[in-house]
Every structure is written in C-alpha cells, then in structure tokens.
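Enquirer: Take this sequence and fold it.
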Amino acid sequence: LLDGLSHQATSSQDSYESLHQTPCPYDAVIRRDLDRTLPHEELFKDKEGKGQAALFRLLRALAVHLWDIGYVQSLNFVVATVIAVLPDEDEAVVFRCVQALLFRHALADFYRPRFPKLGVTVWQFDRIVEAFLPQVYAALEVHGITAEYYAMQWFLTLYASDLPQKIVRRIW
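Expert: Coordinates of the predicted model:
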C-alpha cells in the first residue's frame, strides 16, 4: 500500500505530528462525526477512547494537509476502516496508508469540490447495471431511480458505512 509514496518515515512522522496538532476550521464537524463513525466497532465505541481520538487526529491532519478538500463526511468511514485494519500501528503510518489509498487510484477526486470523479463513477455504474442486469436497470428506470440514489454513499465510503467491517476489509 505504501509503495510509491516518496516520504521518508521520519519526515512523515514529523509532518504528521505537525499536521494533527494544527487547528483547522473543520474540527467541530469532525468531532460531531466521531460518534457516528462505526459505532458498533469496539475500537470506536468509547467517546474519547483510543479509536475516536486517533480518528480525530488523522481526520484533522488530512483536512489540513489536503487543503483543497478539507474534511468531507464519508472520509471518516474510510479512515476509521484503515485504523481498524492497523490498530496497533503508529498513526503516521496509518496517515501514509490513507494518503496512498486516496492518491494511488485518484480516490481523492471523489472528495474534491463538486465531486468530479463521483459523477463519472455513478454514471459508469449505471451503464454497468444496464449492460449486465438489464431487467434490474429497466425496473429502476421505470421509477426514475439511478445509481445516484443508492450508490453514491457506497463509493464515497468505499462501502465502509453500509457493509459490516469484516466484509469491507475483504473487499478492500
């Protein structure tokens, strides 16, 4: 996952330390989302517990680092899933993993202003349903339902808000 990131471990540690300590305009929104993020997962159940504290620091660091994106709801599920996969790992490493996940396949473009990649992905998904499940597509089309109504959250959270974490980790 970290292959291709050009950060040295010590400089990324220093950078992460600085980023997560920098107050940002999204702090209140991030705090509000902590309780809503994977509340059934043991790691994230306790308010101010290890999981929620790490999630806040990582989301803040991302919001500061990715200044053109800031914080977008749904990133919390992506970051929380990475934390859950690497619960005992140094947070700087988790931060680098999240960066790799976002940039390796241009997933960061899902979260940029006006969500440029999301619209294209939803349209592509509709075409896939139309091609491979024509009866399902026709039934949905009769009611004016497109993937925009049901799949946007899947793509924004990489399924982490809708499926059990055990399944999400297998998909990832």
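Enquirer: Give the buried residues for whichever helix or strand Gln99 is part of.
Expert: According to DSSP states H and E, Gln99 maps onto helix 91-104. Buried residues in helix 91-104, counted by 16 or more other CB atoms under 10 Å: 91-102. C-betas here are computed from N, CA, C, even on glycine.
Enquirer: Any chance of those residues in TSV with distance to Val64 as columns?
Expert: Output for the buried residues of helix 91-104, formatted as TSV (distance: CB to CB, whole Å):
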residue	distance to Val64
Glu91	14
Ala92	14
Val93	18
Val94	16
Phe95	11
Arg96	15
Cys97	18
Val98	13
Gln99	13
Ala100	18
Leu101	18
Leu102	14
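Enquirer: out of those, who's nearest Val72?
Expert: Set against Val72, the nearest of these by CB to CB is Leu102 (11.2 Å).
Enquirer: and the gap between that closest one and Leu66?
Expert: 8 Å (CB to CB, to the nearest Å).
Enquirer: and if you look at Met152?
Expert: Applying CB to CB, the value for Met152 to Leu66 is 20 Å.
Enquirer: do the same with Val142
Expert: Relative to Leu66, and taking CB to CB, Val142 is found at 41 Å.
Enquirer: same check, this time on Phe103
Expert: 10 Å.
Enquirer: go on, Arg127?
Expert: Distance of Arg127 to Leu66, given as CB to CB: 30 Å.
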